[in-house]
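generate a structure from the sequence data that follows.
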Amino acid sequence: MKKILALLLAMFMLASLTACGKKETEKNDTTETEPVVEEAVLEGVEAPVDILNTVWGTYADDEKFFAMGGDYDNIVDNAPGAVDVSNKENLYSLLVCDETASAMIDGAASLMHAMNANTFTGAAYHLTDGADMAAFSDAMKAAIESNQWLCGFPEKLLVVKLSNDYAVVAYGAADIIDNFGTKIAGSYETAETLVDQALA
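Sure thing, here's the model as predicted:
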């Protein structure tokens, strides 16, 4: 009788330990699982100029203004153009991208009003690996707000995040900036406005 009781007790303890072990495993499985966050992928974008070409391509003929793109060494008429980011002086002169912001990028493109850059200047940027988008946005905002403007202060500033490594910055006349922002949002469903504010 004692043997039977001992055997039953041993079986009961073994069943209890197995059940507890299973519950602990299930508990660990749920607590160790981390949500997977997928980064936005911009289809058809291999360089910043692709972004501006896409957005500019959505403008109707009667919406377009006399524009140019690129930089002093590579000017493109009536279309966006790539900007040499190794020339820090040009980056600041053309796009008000100062040393703080330019240290965070490895690619850029521009689209500007050909008569007056303060009427409209737009730029797309590719951030370097590990660069912080919020820090880049803050640096661009600070540079544009503190710039000494010769031909009048731009009315509005817009900073849009398209992915963790692509951003668009634009400043100029409020109506042109508002339309540009609408075109970006229509072109890229991942567009997230980081800054949309009056400057003057």
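
what's the span of stretch 119-136 from first residue to last?
With C-alpha to C-alpha, to the nearest Å applied, stretch 119-136 spans 23 Å between its terminal residues.

contacts for stretch 53-69, please.
Outside stretch 53-69, the residues that touch it by C-beta atoms under 8 Å, 6 or more residues apart in numbering are 44-45, 49, 52, 75-81, 109-115, 119-120, 122, 168, 176, 179-180, 183-184, 186-188. Any C-beta I mention is one placed from the backbone N, CA and C, and that applies to glycine too.

neighbours of Gln197, how many?
When neighbours are counted by other C-beta atoms under 10 Å, Gln197 registers 10.

isn't Ala101 right up against Ile144?
No. Using C-beta atoms under 8 Å, Ala101 is not in contact with Ile144, being 9.7 Å away.

looking at the two, which is more packed in?
Each of Ala101 and Ile144 has its neighbours counted (other C-beta under 10 Å); Ala101 has more, 27 against 24.

pLDDT on the host helix or strand of that one, on average?
Assigning secondary structure by DSSP states H and E places Ala101 in helix 99-102. Averaging pLDDT along helix 99-102 gives 96.

please work out which residues outside the helix or strand just after that helix touch it.
Under the assignment DSSP H and E, the closest C-terminal helix or strand after helix 99-102 is strand 105-113. Residues outside strand 105-113 that contact it (C-beta under 8 Å, 6+ apart) are 47-49, 51-52, 56, 65-71, 79-83, 85, 91, 94-95, 97, 119-128, 131, 136, 172, 176.

hmm, 7 Å instead?
Residues outside strand 105-113 that contact it (C-beta atoms under 7 Å, 6 or more residues apart in numbering): 47-49, 52, 56, 65, 67-71, 80-83, 85, 94-95, 119-128, 172.

please apply the same query to stretch 70-90.
Stretch 70-90 is contacted by residues 47, 49, 52-53, 56, 67-69, 91, 94, 99, 102, 105-111 when judged by C-beta under 7 Å, 6+ apart.

now list the buried members of the residues you listed.
49, 52-53, 56, 67-69, 91, 94, 102, 105, 107-111 (16 or more other C-beta atoms under 10 Å).

spatially central residue for this protein, please.
By C-alpha atoms, centre = their mean, the mean C-alpha position of the chain lies nearest to Lys161, the distance being 2.9 Å.

pLDDT value on the closest residue to that residue other than its chain neighbours, please?
Take Lys161 and drop its neighbours on the chain: the residue closest to it by C-beta to C-beta, 6 or more residues apart in numbering is Glu192, 4.6 Å away. At Glu192, the pLDDT value in this model is 96.
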